[in-house]
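Colleague: With the input below, show me the fold.
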Amino acid sequence: MTQATFELRESFGQVRAYPSNDAAVNLCALNGTKTLVPGIIGLIEKLGFQCVTGSGQPIQPADLY
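Modeller: Down below sits the predicted model:
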């Protein structure tokens with residue numbers, strides 16, 4: 001499974017996932033957003049990508065609230 005790497009940062013009290021590699025940037029662009037949206041993590045996984053942090057930890061939708 002190809003990894004899409006994101007950097008988790010807190011912004012105005014909410015955790016946001018900013019893309020860190022080309023795969024992550026392209027997946028966000030396809031969705032029309034600059035950050036990872038919790039609702040598309042399942043779709044991204046169906047496409048064969050795994051959303052992970054820079055340290056390799058999987059990102060779950062609950063991590064982004």
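Colleague: surely residue 64 meets residue 33?
Modeller: No: at 11.7 Å, residue 64 does not count as touching residue 33 under the criterion of Cβ atoms under 8 Å. (Glycine included, C-beta is placed from N, CA and C.)
Colleague: Compare these two and say which is more crowded by neighbours.
Modeller: residue 64 (19 against 12; other Cβ atoms under 10 Å).
Colleague: List the contacts of the closest residue to that one other than its chain neighbours.
Modeller: Of all residues not flanking residue 64 in the chain, residue 38 sits nearest, at 4.6 Å (Cβ to Cβ, 6 or more residues apart in numbering). Applying Cβ atoms under 8 Å, 6 or more residues apart in numbering, we find residue 38 in contact with 61-62, 64-65.
Colleague: Could you give me the buried positions within the helix or strand in which residue 24 is found?
Modeller: Secondary structure assignment for residue 24, by DSSP states H and E: helix 22-31. Neighbour counts over helix 22-31 (16 or more other Cβ atoms under 10 Å) mark 23-25, 27-28 as buried.
Colleague: Can you show me the strands along this protein?
Modeller: Secondary structure of the chain (DSSP state E): strands at 2-11, 14-19, 49-53.
Colleague: Make CSV out of those strands and add distance to residue 43 and mean pLDDT.
Modeller: Shown next, in CSV, are the strands of the chain (distance: least, Cβ to Cβ, whole Å; pLDDT from 0 to 100):
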stretch, distance to residue 43, mean pLDDT
strand 2-11, 12, 96
strand 14-19, 15, 96
strand 49-53, 10, 97
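Colleague: Tell me how many other residues crowd the closest residue to residue 14 other than its chain neighbours.
Modeller: Nearest residue to residue 14, sequence neighbours excluded (Cβ to Cβ, 6+ apart): residue 65, at 7.1 Å. Number of residues near residue 65 (other Cβ under 10 Å) recorded here: 7.
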